[in-house]
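> One predicted model, sequence on top.
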Amino acid sequence: MRYGLINIKSKNKNDLIREMVWGTDVKKELKGGIIDGIKEFETRFNKSFWEKFVILHYTGSHIEESQIILGLSKAGFKYNYYDNSIKHIFILIIANENDNLYPSIVSFYIKMLSDDEIIERILEYKGELLFEDILKFKPEEIIS
């Protein structure tokens, strides 16, 4: 599992998706298809289910290693036209479609980011090891 952190410069959903996918270690020739896949999903469902964060995800048979990218936007922006809340935290999860941990990864981050104290710690974090200190996926911490 690979982790990455991006300081988001984007001000809208499409630019955010592009910026986050380009921040991954996925092979360059696959990135366009991943961007299109995420945009297609977002067009069909067009939802940000959580008030304070957004989780984007993509699965495919050609993904060799799962990656979790955290995007932080200091300014934040409205993720959807109908959404009045400003989002600052964005998670992109890219996994192989046969990765058995994928559902657990999504559940872990939903649970973690539903805690207001964690949100505040992330937004105020000044160190370089955000994943190691706060956000590293720990399957043993998932409550079924």
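Structure received.
> Now do the contacts for the residue nearest to the spatial centre of the chain.
In the chain, the centroid-proximal residue (C-alpha atoms, centre = their mean) is I91; its distance is 1.4 Å. For I91, the contacting residues are F53, V54, I55, L56, I68, I69, L70, G71, Y109, L113, by C-beta atoms under 8 Å, 6 or more residues apart in numbering. (Glycine included, C-beta is placed from N, CA and C.)
> Tell me the secondary structure at it.
Following DSSP: H, G, I helix; E, B strand; the rest coil, I91 is assigned to strand.
> and the gap between it and K28?
22 Å (C-beta to C-beta, to the nearest Å).
> What values do phi and psi take at D25?
phi -100, psi 10 (degrees, to the nearest 10).
> What about it, how many residues nearby?
D25 has 11 neighbours, counted by other C-beta atoms under 10 Å.
> check contacts around the closest residue to it other than its chain neighbours.
In this structure, D25 finds its nearest non-sequential neighbour in R2, 5.8 Å apart by C-beta to C-beta, 6 or more residues apart in numbering. Residues counted as contacts of R2 (C-beta under 8 Å, 6+ apart) are T24, D25, E65, S66, Q67, I68.
> Which of these ranks first by neighbour count?
Result: I68 is most packed of these (other C-beta under 10 Å), 23 neighbours.
> who's in contact with it?
Counted by C-beta under 8 Å, 6+ apart, I68 has contacts 1-4, 91-94, 105, 109, 131, 135, 137.
> Read off the pLDDT value for it.
We have a pLDDT of 90 for I68.
> What's opposite it in the beta bridge?
Judged by DSSP bridges, the bridge partners of I68 are Y3, I93.
> hmm, back to that, quick one: the residue nearest to D25 from S73, how far?
On the measure of C-beta to C-beta, R2 and S73 end up 21 Å apart.
> and if you look at E97?
Taking C-beta to C-beta, one finds E97 at 29 Å from S73.
> between these two, who's got more neighbours?
S73 (20 against 11).
> helix/strand/coil for the more buried one?
When the rule is three-state DSSP, S73 gets the label strand.
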